[in-house]
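J.: model the following, please.
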Amino acid sequence: MIRLAAALFLLPLPFLLVGCPARSHPLNQPQAIIADGALRHDKSGMTFPIAVGEFQRRVLQRYDQDGLDVSVGYNLYDSRRQIVVTVYVYPVPPLVSIGSPSETVTSARMLLTRNEFEARKREIMQPRLGARLIEDTETSIPNRSLYRDIEGKPYGTAEISQTE
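T.: Now for the predicted structure:
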């Protein structure tokens, strides 16, 4: 019997959520994104290759008019396993700060990010009967300069303007 495992790839890291600092205008229905090669999401600087290891890119969708809110699905199907991973990129929830110290803003942004991650996790798990969370672990990239995007640039080097 083949076991179906749904994998959620949401990293609760502030640097990923601040990738798209703007408000989106939702579409009535998700819209397919057509890309033959690697897809670069210009607003966040993230690149989504056709394959990541054994995972093959399958579904690309945008959820807003400006292309700020997107998802990219990767599947790994073989005789032993069926794994689906979906990466979501969307605008950071707004944070209003008027003259707050930088430590306060950083702390508020971390709390906002954590709350956003928990809300999305509940949203994904709730309608899927029988789904179970296999692991929930915080992680960080110890030396981000070692990791490169598809163009060979270090992750996190994209220039991003942000409104507090």
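
J.: please make it C-alpha for all contacts and neighbour counts, starting now.
T.: OK.

J.: neighbours around the nearest residue to Y88 once chain neighbours are set aside, how many?
T.: Nearest non-adjacent residue to Y88, counting by C-alpha to C-alpha, 6 or more residues apart in numbering: S71, 4.4 Å away. S71 sits with 18 neighbouring residues when counted by other C-alpha atoms under 10 Å.

J.: likewise T47?
T.: By other C-alpha under 10 Å, neighbour count at T47 equals 15.

J.: what residues are up against the nearest residue to it once chain neighbours are set aside?
T.: Leaving aside its chain neighbours, T47 sits nearest to R40 (4.2 Å; criterion: C-alpha to C-alpha, 6+ apart). For R40, the contact set (C-alpha atoms under 8 Å, 6 or more residues apart in numbering) comprises M46, T47, F48.

J.: closest one of those residues to S79?
T.: F48 (25.5 Å; C-alpha to C-alpha).

J.: that closest one: neighbouring residues, count only.
T.: 20.

J.: just give the number of residues close to the closest residue to it other than its chain neighbours.
T.: Distances taken as C-alpha to C-alpha, 6+ apart place L39 nearest to F48, at 5.0 Å, with adjacent residues excluded. When neighbours are defined as other C-alpha under 10 Å, L39 has 17 of them.

J.: the protein: helices as residue ranges?
T.: With DSSP state H, the ranges of helices along the chain come out as 14-17, 102-125.

J.: low-scoring stretches of the chain, by residue?
T.: For the chain, the stretches flagged by pLDDT under 70 are 1-24, 140-164.

J.: one step back: to V89, which of the helices of the chain lies closest?
T.: Nearest of those (C-alpha to C-alpha): helix 14-17, 7.4 Å.

J.: burial of E103, as a residue count?
T.: 9.

J.: how much space is there between A32 and Q61?
T.: Using C-alpha to C-alpha, to the nearest Å, one obtains 5 Å as the distance from A32 to Q61.

J.: neighbour count for those two, which is higher?
T.: The neighbour count for A32 versus Q61, taken as other C-alpha under 10 Å, is higher for Q61 (18 against 13).

J.: who does the residue nearest to Y88 form a beta bridge with?
T.: S71 forms beta bridges with Q61, Y88, as assigned by DSSP bridges.

J.: you'd agree it is up against L60?
T.: Yes: S71 is within contact range of L60, at 5.8 Å (criterion: C-alpha atoms under 8 Å).

J.: where do the strands sit along this structure?
T.: 3-8, 26-32, 39-41, 46-48, 51-52, 55-64, 70-77, 81-89 (DSSP state E).
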